[in-house]
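Colleague: Below are the sequence and a predicted model for it; my questions follow.
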Amino acid sequence: MKTERRSVLKKLFASVVGVAGIGAVANAKGLAAAPEKEAGNITSIQNVPLFSGHTIHNGLVYIAGKGAHTDPFDIKSHTDIVLKELEKELIKAGTSMEKVLKVTVYLNDIADYKGMNEVYKGRFGKKPPVRTTIAVAKGGVPGDSLVEMDAIAYI
């Protein structure tokens, strides 16, 4: 079922890309295998824009989900990497960890909640943001990350 759903989503994405005239339609297999690249503030696969690292609207900064796609493969290391990536994106957007209002944490496994919290604690200054933590459904966090986080901050 998971493979079927991914296949349908890849075909849908490929058709949208073709209709939008962004470029040649990538086949689903090639799309999945292509590495993500950061080009300014736009993340793309095979030169097709997918999403921005952040966007600003009415004084609020919305940070796209950040994951850790590297070894070591343990929750504390991944959480540290994700928080550092989140901070880099916040700074690029002209804000900081202390100005974060809301964080959503996506855990690959709810059993990692305690380890994630140990690293997360104290990273947002004296007044931490509100937070929602979600254990993702079967299939895990995209890109083999144990944790992904997105955030909303003010400038």
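Modeller: Yep, that arrived. Numbering: from 1, shown residues only.

Colleague: so who does the residue lying closest to residue 152 once chain neighbours are set aside touch?
Modeller: The shortest distance from residue 152 to any residue other than its chain neighbours is 4.4 Å, reached at residue 102 (Cβ to Cβ, 6 or more residues apart in numbering). No exception for glycine: its C-beta is placed from N, CA and C like everyone else's. With Cβ atoms under 8 Å, 6 or more residues apart in numbering as the criterion, the residues that contact residue 102 are 129, 130, 131, 132, 151, 152.

Colleague: cool, residue 113 as well?
Modeller: Going by Cβ under 8 Å, 6+ apart, residue 113 touches 107, 133.

Colleague: name the element it belongs to?
Modeller: In the assignment (DSSP states H and E), residue 113 maps to helix 113-120.

Colleague: most surrounded residue in the contacts of residue 102?
Modeller: residue 151 (28 neighbours; other Cβ atoms under 10 Å).

Colleague: could you list every residue that touches that residue?
Modeller: Applying Cβ under 8 Å, 6+ apart to residue 151 gives the contacts 62, 63, 86, 90, 100, 102, 103, 104, 129.

Colleague: Now restrict those to buried residues only.
Modeller: For the contacts of residue 151, a burial check counting by 16 or more other Cβ atoms under 10 Å picks out 63, 86, 90, 100, 103, 129.

Colleague: burial count for residue 143?
Modeller: The local packing count at residue 143 equals 12, with neighbours defined by other Cβ under 10 Å.

Colleague: so it sits in a strand?
Modeller: No. Counting by DSSP: H, G, I helix; E, B strand; the rest coil, residue 143 is not found in a strand; it is helix.

Colleague: hang on, it packs against residue 66?
Modeller: No. Here residue 143 lies out of contact with residue 66, judged by Cβ atoms under 8 Å, at a distance of 10.5 Å.
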